[in-house]
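Chemist: this one's structure only:
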């Protein structure tokens, strides 16, 4: 899985071979094509966030925006949360990768980040990522906490095709803020504190 990027995996799925598709889903997780609306949004931002535009990004502001919008779940340069994937080693300098993940977070959901919806016998519903599973219990990372659920207390367990990352991350941001955030995400090294 670490040898192939999402673009290559999408090419494999385009072969329409049932065996290949089954193996991709088993190894990679959920992949679905972008809707026309999301594809249009990606094309719009790709045309706006040119290399010249990103050179003008205020990285200090981008870092603040990262902390406000991303750091509770994602780690970058050793700082941030552990709910979502680590960003430091990702393809964050690849604008297509960043836009797909920011604008359509449920398009590619790796297996270890697939959301489970668990309903207990007492009627409690938990939505989160199963971080560990033993014969007796599940360790579930919700957006706010880690919960250990004994298996004998689970009534229903379903996997969701949706990412825990919410859609619409760009909606409350101005274009300048989007530019700064994307510029910071693509930066090769962290900013010194206070910069």
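Modeler: Yep, it's here. Small disclaimer: the values here were computed from a predicted structure and weren't measured.

Chemist: which residues touch the longest helix seen in the chain?
Modeler: Counting by DSSP state H, the longest helix found in the chain is helix 36-48. Helix 36-48 has contacts (C-beta atoms under 8 Å, 6 or more residues apart in numbering) with 34, 95-96, 99-100, 103-104, 107, 170, 175, 178. C-beta here means a position set from N, CA and C on the backbone, and glycine is covered the same way.

Chemist: Can you name the next helix or strand after it?
Modeler: helix 51-55 (DSSP states H and E).

Chemist: Just the residues contacting that following helix, thanks.
Modeler: 179, 182-183, 186.

Chemist: One more pass at 6 Å, please.
Modeler: 179, 183 (C-beta atoms under 6 Å, 6 or more residues apart in numbering).

Chemist: For that helix, which residues meet the burial criterion?
Modeler: Residues residue 54 are the ones in helix 51-55 that count as buried (16 or more other C-beta atoms under 10 Å).

Chemist: Give me the next element, helix or strand, following it.
Modeler: Next along the chain from helix 51-55, counting by DSSP H and E, comes helix 59-69.

Chemist: okay if I get the contacts of helix 36-48 as CSV plus pLDDT?
Modeler: CSV is the format used below for those (pLDDT from 0 to 100):
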residue, pLDDT
34, 63
95, 94
96, 90
99, 93
100, 88
103, 91
104, 88
107, 81
170, 92
175, 97
178, 97
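
Chemist: from the residues you listed, which would you call buried?
Modeler: Of those, these count as buried by 16+ other C-beta under 10 Å: 34, 95, 99-100, 103-104, 107, 170, 178.

Chemist: Let me know the closest of those to residue 19.
Modeler: residue 107 (22.7 Å; C-beta to C-beta).

Chemist: for this structure, longest strand please?
Modeler: Identified as the longest strand of the chain according to DSSP state E is strand 125-133.

Chemist: From the contact counts, what lies against it?
Modeler: Other helices and strands packing on strand 125-133, by 3 or more C-beta pairs under 6 Å, 6 or more residues apart in numbering; DSSP states H and E, are strand 115-120, strand 137-141.

Chemist: Looking at the buried ones among the contacts of helix 36-48, which is nearest residue 65?
Modeler: Distance to residue 65, by C-beta to C-beta, is smallest for residue 178 among the buried ones among the contacts of helix 36-48, at 8.6 Å.

Chemist: Can you tell me the closest non-neighbouring residue to the closest one?
Modeler: residue 170 (5.5 Å; C-beta to C-beta, 6 or more residues apart in numbering).

Chemist: is it true that the one you found touches residue 179?
Modeler: No: applying C-beta atoms under 6 Å, one finds residue 170 not in contact with residue 179, separated by 10.8 Å.
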